[in-house]
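A.B. asks: sharing a model that was predicted from the sequence below.
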Amino acid sequence: MTELLIKNGFVFDPSNGINGEKMDIAIKNGKIVESVNERKAKKIDATGLTVMPGGVDIHTHIAGAEVNTGRLMRPEDHVKDVVRKTAITRSGVGYSVPSTFVTGYRYSKMGYTTIMNPSMPPLEAKHTHEELNDTPLLDKASYPLLGDWWFVLEYLSKGNLAECAKYVAWMMGTSKGYAIKIVNPGGLESWGFGRNVHSIDDEVKNFCITPREIMCGLAKVNKMLNLPHSIHLHTNNLGLPGNYITTLETMKALESVATDDKPVAHITHLQFSSFAGEGWGSMHSAAEEISNYINSHSHITFDMGQVIFTDTTTMTADGPFEYTLYELSGHKWVNSDVETETSGGIIPFHYKRNNAVNTTQWSIGLELALMIKDPWKMFMTTDHPNGGPFSAYPKIIAWLTSKKARSATLKRCSKKGQKRSLLPTIDRELSLYELAIVTRAGQAKALGLASKGHLGVGADADIAIYNVNPEKIDIAKTYKKVRRAFGNAAYTIKDGKIAVKDGEVVQHVDGKTMWCDVQTAEPVKIDDEMKRKFKEYWTVEYDNYPVYDHYLKVPSPIIVKADV
Ligand SMILES: [Zn+2]
């Protein structure tokens, strides 16, 4: 293995308290080390450049059944974005739902090295992992959808947390999953009967259980299993005016599970859950109410779900919400019920500047991000591709770091939306140090990824270098340059190898697939009763269900010792 030495860069490594100090970073065998032999090591001169840990994305739909269905239903998304092959890279297509190889290349060009695929129906896990295998330059993991899985509902409704925990542990290994994903708890099971739940205390038919009991039950199970991430939660009533009340009730309900300062829930794409107003005509921001709550509590982290003004493809397990979006837009749509596990829906959507609701959504994402005082609670995402494609991250970076960039966009938006926006009252501009938290260090910490999101000795040598000289430029004033720099990394280093140079992929590196191998005192017994359930409830036999290790191109299991 070659040794690598990154010399003299301005290093931003918030996990180790390093804020723009000029330092060298030494790499050996894909890991960061104390030092290397300077004469022998390959050197990168990072003088005048910004050095950060590789980017980490806590929530991005890049693989699996819903993504692939999105690709199939949108040929128009392919033709507007065609990527030619090079001597090193493969060809591909797709703007909002890019093909697998292009996905890896685009992330790597922005300095990202780790992503989390957040919405995996266990029944579709094999397909998901096959696509992740084909996505280069990134380490990745998936969250199985468990909030409406019949086994979970059955054991939680009986109050049998220990048994529920064992089945969740079994499912992590069986689907090769990383964290518990919950979407519109109770609503997806109800959707199988054309219904939904409308508050956290509605009863889910056939199971005598409420969304509150599902969320709190699984948050407790998550603790019993010692999973590295908290529960990953898409709230009830997402995307509907007035839903911030449900979001506040949800966060309050989860207080009962928090016993220390550690987060017990990550609320994903919070923008979509922070709407005030009685209907679409009066819809406005509840960012103030939501951020006041999060600022005074420590059990919640969240990601933005930032909206980009563009044509994109929405996709979520929240089938009833996607149906609502179909009723609003009249676009072509797909909707499905995934047997005993979850549901799903896909619909194209164009966020427009001249639309008051879309402008308000754009504003809410940024308001939340800027009103949260502690950047370790808040992470940058678009909920790709729901708020817009991940390739728009450099735009969000400009909006977060520059009031001038925000004003330039806002003044081109709907007049009604402008009047409702809280952004003109917010002066905060994130520093490069804070940016490193919200795009990598904080995300890795919330995910419990000990070897990622920092540049300390022993960390994975996943590193991004950007053409930004903090001594020479004021990032708030020169936001266009910052946008360009974060869209075209000077270098992206994956596992100690130079993957990107000057915004171009120069080397193929396979990423690893991480998953939690949860070890319980008594493993779940696959008895006749369970096999009978498979026969009765699923369309696949038990023997064909699990994702075996050999399905993963580069498996990277994380051993987790459970308390059950
Ligand atoms: Zn999502």
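C.D. replies: That came in fine, so what should we check first? Numbers count the residues shown, from 1 in each chain.

A.B. asks: okay, how far is it across stretch 502-512, tip to tip?
C.D. replies: Counting by Cα to Cα, to the nearest Å, the length from the leading to the trailing residue of stretch 502-512 is 24 Å.

A.B. asks: start the count at 38 instead of 1 going forward.
C.D. replies: Right, with 38 as the first residue, what we last looked at is stretch 539-549.

A.B. asks: quick one: the strands in the stretch 288-437 of the chain, in order.
C.D. replies: Assignment of strands within the stretch 288-437 of the chain using DSSP state E, counting those that start in this stretch yields the ranges 302-304, 312-313, 321-322, 337-340, 348-353, 371-375, 379-387, 415-416.

A.B. asks: now those as a markdown table including mean neighbour count, mean pLDDT and distance to residue 442?
C.D. replies: (Glycine included, C-beta is placed from N, CA and C.) Putting those into a markdown table (neighbours: other Cβ atoms under 10 Å; pLDDT from 0 to 100; distance: least, Cβ to Cβ, whole Å) gives the following:
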| stretch | mean neighbour count | mean pLDDT | distance to residue 442 |
| --- | --- | --- | --- |
| strand 302-304 | 26 | 98 | 26 |
| strand 312-313 | 24 | 98 | 24 |
| strand 321-322 | 22 | 98 | 19 |
| strand 337-340 | 28 | 98 | 20 |
| strand 348-353 | 25 | 97 | 21 |
| strand 371-375 | 18 | 92 | 36 |
| strand 379-387 | 24 | 96 | 22 |
| strand 415-416 | 28 | 98 | 18 |
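
A.B. asks: need the ones you listed in TSV (columns: distance to residue 224).
C.D. replies: Written out in TSV, the entries for the strands of the stretch 288-437 of the chain read as follows (distance: least, Cβ to Cβ, whole Å):
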stretch	distance to residue 224
strand 302-304	16
strand 312-313	17
strand 321-322	24
strand 337-340	20
strand 348-353	11
strand 371-375	12
strand 379-387	8
strand 415-416	24
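
A.B. asks: which one of those lies nearest to residue 585?
C.D. replies: Of all the strands of the stretch 288-437 of the chain, strand 371-375 sits nearest to residue 585, with 21.0 Å by Cβ to Cβ.

A.B. asks: residues making contact with that closest one?
C.D. replies: Residues outside strand 371-375 that contact it (Cβ atoms under 8 Å, 6 or more residues apart in numbering) are 106, 110, 158, 160-161, 182, 228-229, 354, 356, 359-360, 363, 380-384.

A.B. asks: tell me which helix or strand of this protein sits lowest on mean pLDDT?
C.D. replies: Ranking every helix and strand in the chain by mean pLDDT, DSSP states H and E puts helix 565-574 at the bottom, with a mean of 86.

A.B. asks: buried residues, it. List them.
C.D. replies: By neighbour count, with 16 or more other Cβ atoms under 10 Å as the criterion, the buried positions of helix 565-574 are residue 571.

A.B. asks: distance from that helix to the middle of the chain?
C.D. replies: Its chain's average C-alpha position is 33 Å from that of helix 565-574, according to Cα atoms, centre = their mean, to the nearest Å.

A.B. asks: listing partners with orientation, what would you give for whatever helix or strand comes next after that helix?
C.D. replies: Proceeding C-terminally, helix 565-574 gives way to strand 592-598 as the next helix or strand, assigned by DSSP states H and E. Each strand that strand 592-598 pairs with, and the sense of that pairing, follows from DSSP bridges: strand 550-556 (parallel).

A.B. asks: quick one: the partner strand to chain centroid distance?
C.D. replies: Strand 550-556 has its average C-alpha position 18 Å from the chain's average C-alpha position, going by Cα atoms, centre = their mean.

A.B. asks: residues contacting that strand, please?
C.D. replies: Residues outside strand 550-556 that contact it (Cβ under 8 Å, 6+ apart) are 166, 169-170, 176-179, 205-206, 209-210, 213-216, 262, 264-265, 486, 589-599.

A.B. asks: which residues of the protein score low on pLDDT?
C.D. replies: Across the chain, the ranges flagged by pLDDT under 70 are 38.

A.B. asks: at 90 instead, please
C.D. replies: Screening the chain residue by residue with the criterion pLDDT under 90, one finds the ranges 38-39, 242, 298, 374, 559-572, 574-575, 577-580.

A.B. asks: how is this structure carved up into domains?
C.D. replies: Residue ranges for each domain of the chain read 40-90+493-542, 92-484, as given by automatic domain parsing.

A.B. asks: can you tell me which of those domains is packed in deepest?
C.D. replies: Of these, the one with the most neighbours on average (mean count of other Cβ atoms under 10 Å) is domain 92-484, at a mean of 22.

A.B. asks: could you tell me how far it lies from the centre of the chain?
C.D. replies: The mean C-alpha position of domain 92-484 is separated from the chain mean by 6 Å, Cα atoms, centre = their mean.

A.B. asks: is it true that residue 559 touches residue 206?
C.D. replies: No: in this structure residue 559 lies outside contact range of residue 206 using Cβ atoms under 8 Å: 10.2 Å.

A.B. asks: next one: residue 369 from residue 383, what distance?
C.D. replies: 9 Å (Cβ to Cβ, to the nearest Å).

A.B. asks: any common contacting residues for the two?
C.D. replies: Common neighbours of residue 369 and residue 383 (Cβ under 8 Å, 6+ apart) are residue 110.

A.B. asks: residue closest to the middle of the protein?
C.D. replies: The centroid of the chain falls nearest to residue 96 when counting by Cα atoms, centre = their mean (0.8 Å).

A.B. asks: distance of it relative to residue 420?
C.D. replies: 6 Å.
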